[in-house]
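Q: Dropping a prediction and its sequence here:
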Amino acid sequence: MTAFVQPTTPEQLLHLGPIDPVENPFPIFREMRDKQPVGPSGMGYYIASFELAQQALLDDETFSNKSNSPDYPGIGMVFGQTIIGMNGKEHLKHRNLITPALRPRALGDNFEQLARDTADRLINKFIDSGKSNLVPDFTFLYPLSVFVQILGLPEEDVDDFHQWGIDLTHVASDPARGLHGSACLRDYLGPVVQDKRNNPTGDLICRLIEAEVMGEKMTDEEIISFLRLLITGGADTTYHLLGNVLHTLLNDAELLELVSNDRSKIEPLLWESLRWESPVQFVSRATNREVEIGGTVIPDDSMVTVLIGSANRDERAFENPDVFDITRKADKSLAFGYGRHYCAGKDFGFTEATIGLNVLLDRLQGLRFDPDVSEPSKIRGVAFRGPSHLKVQFNH
């Protein structure tokens, strides 16, 4: 097996798969911002600077979400028609149907307790050993375990959902694998949605079924497509966010002590982690007309990759952007998007991550990297970034 060669140029980076183990793309992003903030990517065009990324994400009449629809190659092929592939009135209607159901308050008083109980159950499996690899033992399992429960689905099916979700993310490099995962989710969720229409149980799927805007409700296929998006997008984002936050804390003993002793610091910690290592580094758009941006003319109906990870390290928008600093202005980053397509599940994911981190800090005293591990933990990835492992010790 040939060893992976780290990219050194924009061309090399942009031709890699979404989860290839790139360790440090940020010098390449800086080169792109400095030399050509908008340019050809080989599959379309990229936008690398904060100002121009913000401009493109705000102008959804020119930079359309149609690139994420089933009509274009990519995630729309496996998700189906979802809110991230819609524009205009259709997007507004579905956003108004979906967003209220995803607010933590709408999920009921037991949501926060359910998340805490889930975190506790996962920790109970390894706490007596005094050591863990927190990636497979916690960060990978926790978000989707919570999500499956609020959907009213059996928690023992989490492994299947994880596998199908991973399959979906491979659609660009392995379309057959992506389509297989999509079909498995449809076959699983189709009868579930139909049963919940006939026998409502008050869970999130039921709330999506019952949601109504201007006399219109979601069809079964629309609900299934949205659930595919939530299972992969929502769970994956929280999974990588928690992993990146823990990686940062474990590499900074003073910050770990500060946050452990003052939990009000968790919110700015999460915001800074979202900026510093955005769990989702790229978002795609397609132009509705020829447009000039950043000195580059992009033709009509061109694929455009907005480099969120680059924009969030832009020194023109953030002072000392490569320094992790929780005193920065909160929520300036583009990690949740910008404009009309700002992430509808932001509050859900943020609350879930906050609860998970609090439970970990409560129960794993003296948390530290395991000194006996020879390979250091590294954050890796291209479109999705997270730590390779988090092998730790703690007092018990």
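A: All right, it came through fine.
Q: Now for Gly39, how many residues are close by?
A: Neighbourhood size, Gly39 [other CB atoms under 10 Å]: 17. Any C-beta I mention is one placed from the backbone N, CA and C, and that applies to glycine too.
Q: wait, isn't it in contact with Leu52?
A: No: using CB atoms under 8 Å, Gly39 makes no contact with Leu52, being 11.2 Å away.
Q: ok, now which ones touch Lys378?
A: Neighbouring residues of Lys378 by CB atoms under 8 Å, 6 or more residues apart in numbering: 23, 387-388.
Q: of those residues, closest to Asp362?
A: Asp362 lies nearest to Pro387 out of the contacts of Lys378, by CB to CB, at 21.3 Å.
Q: pretty sure that closest one contacts Val245?
A: No: Pro387 is beyond contact range of Val245, at 9.9 Å (criterion: CB under 8 Å).
Q: Which of the contacts of Lys378 has the largest number of neighbours?
A: Pro387 (24 neighbours).
Q: Mind pulling up the pLDDT for it?
A: pLDDT, Pro387: 94.
Q: Quickly note the distance from it to Ser67.
A: Computed as CB to CB, to the nearest Å, the Pro387 to Ser67 distance reads 29 Å.
Q: Need the phi and psi values for Gln393.
A: Dihedral pair for Gln393: phi -120, psi 160, per degrees, to the nearest 10.
Q: ditto for Asn133
A: Note on Asn133: backbone dihedrals following degrees, to the nearest 10 are phi -100, psi 100.
Q: Next, the contact list for it, please.
A: Going by CB under 8 Å, 6+ apart, Asn133 touches 389-392.
Q: from these, which single one is nearest Ile205?
A: Leu390 (32.2 Å).
Q: thought that closest one was touching Leu242?
A: No: in this structure Leu390 lies outside contact range of Leu242 using CB under 8 Å: 9.6 Å.
Q: between those two, who's got more neighbours?
A: Between Leu390 and Leu242, counted using other CB under 10 Å, the more crowded position is Leu242 (29 against 25).
Q: Let me see the contact set for the more buried one.
A: Contact analysis of Leu242 by CB under 8 Å, 6+ apart lists 138-139, 142-143, 353, 356-357.
Q: One more: Asp59?
A: Contacts for Asp59 were tallied using CB under 8 Å, 6+ apart; they are Gly339.
Q: List the buried residues in the longest helix along the chain.
A: In terms of residue count, the longest helix belonging to the chain (DSSP state H) is helix 175-198. For helix 175-198, a neighbour-count test (16 or more other CB atoms under 10 Å) marks 177-178, 180-182, 184-186, 188-189, 192-193, 196 as buried.
Q: so what does it touch, helix or strand wise?
A: Helices and strands touching helix 175-198, by 3 or more CB pairs under 8 Å, 6 or more residues apart in numbering; DSSP states H and E, are helix 76-79, helix 158-169, helix 204-210, helix 220-229.
Q: Any chance you could list what contacts it?
A: With CB under 8 Å, 6+ apart, helix 175-198 has contacts from 77-80, 152-153, 157, 160-161, 163-172, 203, 205-206, 209, 220, 223-224, 227-228, 231.
Q: Would you mind checking these for buried ones?
A: Neighbour counting by 16+ other CB under 10 Å classes 77-80, 153, 161, 164-165, 167-172, 203, 205-206, 209, 223-224, 227-228, 231 among these as buried.
Q: and after the helix or strand of the chain with the lowest mean pLDDT, which helix or strand comes next?
A: Across the helices and strands of the chain, mean confidence by mean pLDDT, DSSP states H and E is lowest for helix 88-102: a mean of 69. Per DSSP states H and E, the first helix or strand lying C-terminal to helix 88-102 is helix 110-124.
Q: For that following helix, what is the distance to the chain centroid?
A: Distance of helix 110-124 from its chain centroid, counting by CA atoms, centre = their mean, to the nearest Å, is 21 Å.
Q: Same question for stretch 375-386.
A: From the chain centre to the centre of stretch 375-386 is a distance of 14 Å (CA atoms, centre = their mean).
Q: How about stretch 308-320?
A: 19 Å.
Q: just the buried residues of helix 175-198 now: which is nearest Gln281?
A: Proximity of the buried residues of helix 175-198 to Gln281 was ranked by CB to CB; the top entry is Gly178 with 18.9 Å.
Q: Would you mind giving the secondary structure of the residue nearest to the closest one when sequence neighbours are not counted?
A: Of all residues not flanking Gly178 in the chain, Val171 sits nearest, at 2.8 Å (CB to CB, 6 or more residues apart in numbering). Classification of Val171 using DSSP: H, G, I helix; E, B strand; the rest coil returns coil.
Q: what separates Val171 from Gly337, distance-wise?
A: 21 Å.
Q: do the same with Thr8
A: 29 Å.
Q: Those two: which has the busier surroundings?
A: Set side by side, Thr8 and Gly337 show more neighbours around Gly337, with 17 against 11, by other CB under 10 Å.
Q: doesn't Asp362 make contact with Ile123?
A: No: using CB under 8 Å, Ile123 makes no contact with Asp362, being 9.3 Å away.
Q: Which residue of the two possesses the greater neighbour count?
A: Applying other CB under 10 Å to Ile123 and Asp362 shows that Ile123 carries more neighbours, namely 20 against 14.
Q: residues touching that one, list them.
A: Ile123 makes contacts with 138, 359-360, 363-364, as judged by CB under 8 Å, 6+ apart.
Q: try 6 Å
A: If you count contacts by CB atoms under 6 Å, 6 or more residues apart in numbering, Ile123 has them with Arg363.
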